[in-house]
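Q: build me a structure from this.
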Amino acid sequence: MGKTFLLLILAVLVWGPEIGPSASAHPVSCLRTAAADSTISQTISLISDSAIYSDISEMQSFLTRRWDRTNRENVFQWLMSKFEEAGISDVQTDTFRVNGILEKNIVATIPGKLIPQSVIIVGGHFDSYNSRWPDQAPGADDNASGTAAAIEMARVLEAVNYEPSATLKFIGFAAEEAGLRGSENYAQGAYYAGMDIKLMMNYDMIGYRNLLESDRNFYVITYPGSEACSDLYAEMASDYTSLTPVFTDLYMGQSDSWSFYEMGYKTLFAMEEDFNPYYHSANDLIDSLDIHYAGEIVKAGLATLLVLDQVPPLISGLNILDRGTGNALLARPQNVPLPDFSSYRVYIGRQAGNYDSSFLSASGDIEINGLAAGTRYHIGVSMVDMLGLESEIVEKSAVPLNVPLPPSGLTVSSTTSGPMLQWVPNREMDIKGYNVYRKAAREMSYGLLKFVLHPDTVFTDSTKPRDSWSYFVTALDSSGNGSTPSDTLEFIPASVLGINETHPLGFMLEQNYPNPFNPSTVIRYALPGRTVTSLRIYNMLGQEVAAFADEVKNAGSYEVSWNAGGLPGGIYICCLKTLYGRMVRSMLLLR
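A: Numbers count the residues shown, from 1 in each chain. This next block holds a predicted model:
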């Protein structure tokens, strides 16, 4: 089966790549054709309870699969052979060590045909645990059941000769019971290798159900940023199985999905609702499991995979530019490779996720006209392929204006040539340039000092100051409209302060390293002379989140380390203020 396997339209609003504070998250909405429903039903009907039972039984027969037992190589080989028997030719090991002991994740790969660089992972850990009797850890539910789920999904897809759009990886994770070590090793390696993981679907303990109760509930553990994926999984369970999905944030950090969530990937985690009373004991046996219940959870997962695999990837970012005319915006989506790309669909509304109109455009520069000046618009953009399948929507908001916004991020620093001003380029498309204004401390008003042609945003005042000077900048568009002033900054030369000492680096705030970071980064700065110094970090709402210096410091180089543990991912602003001026740097915290 190729791309025509599944005809559906999926419109999902979720957190996409970092696109600024105006991005927003919204519930999933999935519209499927009758043909799509029929094809999904036919495929997931091949999920076999007897095959799941057989795999769990065989894993239980090892008696223990504890990560530090001498039989672990037999377990590795068994799992590799199961994926190979399913028909997957590419089965590899991902090795790492725990306390000097060699461990192996088992990775079975079905290559993608259209977007092979995009990856969907289905996984569960295959090790088991019993602290009291290490050689008596059959682990039927924890987690032979989750490993059997991954094997069975792979088996069915190979049985129907499914040709995925994205690359599918079915992974048995080792040493989960040693502290998520296998998934941590793989997720971190994937992140630093730049792997584009569309979703990690995790199964852990999916076979136990209290048979004395009539409900057929199961947990969908939902991670922040992956709500739409969890919603879709729950919808598949409701549509195609007899199960009732229950959303929860319990157990978020207690299984392999957590390792991928920590690296910023979207994750799903399915688990039984009734916690197995034989957990981590010699009595965690297949006789206590409801295999049909486990099979239903696997069916919901396979349906979810089929839907997600067929939709195009979401765009990697979105820029919304103000035309400067008061009635138009320009959308510039940052594309990802899609061989059967057809067009973009552009949504327009005045509320986040609530659109009044939409249209298609094949251009990467998308004109949005007929807007009202001064009104905030929410613009959503998705990709559409040749079959009409639609990706998730990335949304950003902007306001069309007649008059430019004031320049932002103004800093002034000391150089051998004189005070140097820098600011952030305006995003309006009709900016002609910037006017720089200056006044001395004894003067009553500002005078125009220089016109700087856009896109240049640096100006050095070569006149040697003998007093404190203040500066601000305005933006000017091609129609002659001028903005209101930027922030005003004061510059006091070292001679006025009576400072003779100098530092070879001058006044400088370096870019933090690493950047992006998670959760720690290093900030370095230099001072040319003795000065009152303030180093603070703010979030995008302007709220102070950290402070490192508020004191008099001598000339020299300085370094501080910031641990952002407990803060949400996003952009943060580092601000250095001294008598020599003010400098800022933006920093990206990834979660």
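Q: following the helix or strand hosting V156, which helix or strand comes up?
A: Element membership for V156 (DSSP states H and E) is helix 145-159. Next in sequence after helix 145-159, counting helices and strands by DSSP H and E, comes strand 166-173.
Q: just list whatever residues bridge to I571.
A: Beta-bridge pairing for I571 (DSSP bridges): L588.
Q: count of neighbours near N74?
A: Using other C-beta atoms under 10 Å, N74 is surrounded by 12 other residues. Just so you know, the C-beta spots here come from the backbone N, C-alpha and C atoms, and that holds for glycine as well.
Q: sec struct for the residue lying closest to it once chain neighbours are set aside, please.
A: Distances taken as C-beta to C-beta, 6 or more residues apart in numbering place F62 nearest to N74, at 6.9 Å, with adjacent residues excluded. Assigned with DSSP: H, G, I helix; E, B strand; the rest coil, F62 falls in the coil class.
Q: neighbours of F62, how many?
A: Number of residues near F62 (other C-beta under 10 Å) recorded here: 20.
Q: quick one, phi/psi of it?
A: When read as degrees, to the nearest 10, the backbone of F62 gives phi -70, psi -10.
Q: residue contacts, it?
A: Each residue near F62 by C-beta atoms under 8 Å, 6 or more residues apart in numbering is listed here: N71, N74, V75, W78, P138.
Q: distance of the third one from A187?
A: V75 sits 21 Å away from A187, going by C-beta to C-beta, to the nearest Å.
Q: who has more neighbours, those two?
A: Legend: neighbour count by other C-beta under 10 Å for V75 and A187, higher for A187 (27 against 24).
Q: is it true that the more buried one touches E262?
A: Yes: assessed by C-beta atoms under 8 Å, A187 is found in contact with E262 at 7.2 Å.
Q: hang on, the earlier thing: any idea which of the contacts of F62 is closest to L157?
A: W78 (20.6 Å; C-beta to C-beta).
Q: so what's the residue nearest to that closest one when sequence neighbours are not counted scoring on pLDDT?
A: Of all residues not flanking W78 in the chain, E58 sits nearest, at 7.0 Å (C-beta to C-beta, 6+ apart). pLDDT for E58: 98.
Q: E58 should be in a helix, yeah?
A: Yes: membership of E58 in a helix is supported by three-state DSSP.
Q: V75 versus that one, what's the distance?
A: Between E58 and V75 the distance is 10 Å, computed by C-beta to C-beta.
Q: common neighbours of the two, please.
A: Joint contacts of E58 and V75 (C-beta under 8 Å, 6+ apart) do not exist.
Q: partners of the strand or helix carrying K432, with directions?
A: Using DSSP H and E, K432 falls within strand 431-440. Applying DSSP bridges, strand 431-440 is found paired with strand 447-453 (antiparallel), strand 469-477 (antiparallel).
Q: kindly format the C-alpha coordinates of the first one as PDB.
A: In PDB, the C-alpha atoms belonging to strand 447-453 read as follows (Å, rounded to 0.1, in the frame of the first residue of the first chain):
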ATOM      1  CA  GLY A 447      18.300  66.500  17.700                       C
ATOM      2  CA  LEU A 448      18.400  64.300  14.700                       C
ATOM      3  CA  LEU A 449      21.900  62.800  14.500                       C
ATOM      4  CA  LYS A 450      21.800  60.300  11.600                       C
ATOM      5  CA  PHE A 451      19.500  58.500   9.100                       C
ATOM      6  CA  VAL A 452      20.500  54.800   8.900                       C
ATOM      7  CA  LEU A 453      19.300  53.000   5.800                       C
END
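Q: now the element after that strand, going C-ward?
A: With DSSP H and E, the next secondary element past strand 447-453 is strand 458-460.
Q: please apply the same query to the last one.
A: Note on strand 469-477: by DSSP H and E, the next helix or strand toward the C-terminus is strand 489-491.
Q: just give the strands next to that following strand in its sheet, each with its orientation.
A: Strands that pair with strand 489-491, judged by DSSP bridges, come out as strand 469-477 (antiparallel).
Q: how about the partner strand: buried residues?
A: Residues W469, S470, Y471, F472, V473, T474, A475, L476, D477 are the ones in strand 469-477 that count as buried (16 or more other C-beta atoms under 10 Å).
Q: same thing with stretch 88-101?
A: Buried residues in stretch 88-101 (16+ other C-beta under 10 Å): I88, V91, D94, F96, V98.
Q: switch the residues you listed over to JSON lines; also include secondary structure.
A: JSON lines is the format used below for the buried residues of stretch 88-101 (three-state DSSP):
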{"residue": "I88", "secondary structure": "coil"}
{"residue": "V91", "secondary structure": "strand"}
{"residue": "D94", "secondary structure": "strand"}
{"residue": "F96", "secondary structure": "strand"}
{"residue": "V98", "secondary structure": "strand"}
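Q: let me have these in a markdown table, extended by pLDDT and distance to S462.
A: Converted to a markdown table, the buried residues of stretch 88-101 look like this (pLDDT from 0 to 100; distance: C-beta to C-beta, whole Å):
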| residue | pLDDT | distance to S462 |
| --- | --- | --- |
| I88 | 97 | 68 |
| V91 | 98 | 67 |
| D94 | 97 | 59 |
| F96 | 97 | 58 |
| V98 | 97 | 62 |
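Q: can you show me the CA trace of the helix or strand harbouring A270 as CSV?
A: Using DSSP H and E, A270 falls within strand 267-272. Taking Å, rounded to 0.1, in the frame of the first residue of the first chain, the C-alpha atoms of strand 267-272 are listed here in CSV:
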residue,chain,number,x,y,z
THR,A,267,4.9,11.6,23.0
LEU,A,268,2.0,9.2,23.6
PHE,A,269,1.8,6.8,26.5
ALA,A,270,-0.9,4.1,26.9
MET,A,271,-1.3,2.1,30.1
GLU,A,272,-3.9,0.1,32.0
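Q: checking my notes, L567 in a helix, right?
A: No: applying three-state DSSP, one finds L567 to be coil, outside a helix.
Q: wait, what's in contact with N512?
A: Neighbour list for N512: T521, V522, I523, W562, C574, R585, M587 [criterion: C-beta under 8 Å, 6+ apart].
Q: roughly how far apart are the nearest residue to it once chain neighbours are set aside and Y572?
A: Nearest non-adjacent residue to N512, counting by C-beta to C-beta, 6+ apart: T521, 4.5 Å away. Separation of T521 from Y572 (C-beta to C-beta): 10 Å.
Q: ok, S259 next?
A: Remark: distance between S259 and Y572 (C-beta to C-beta) = 24 Å.
Q: ok, now L212?
A: To Y572, L212 is 52 Å away according to C-beta to C-beta.
Q: least confident secondary structure element in this protein?
A: strand 8-12 (a mean of 34; mean pLDDT, DSSP states H and E).
Q: doesn't S316 make contact with Q334?
A: Yes: Q334 sits in contact with S316 when judged by C-beta under 8 Å, with a separation of 4.6 Å.
Q: spit out the residues that contact T521 and Y572 alike.
A: Joint contacts of T521 and Y572 (C-beta under 8 Å, 6+ apart) are A564, M587.
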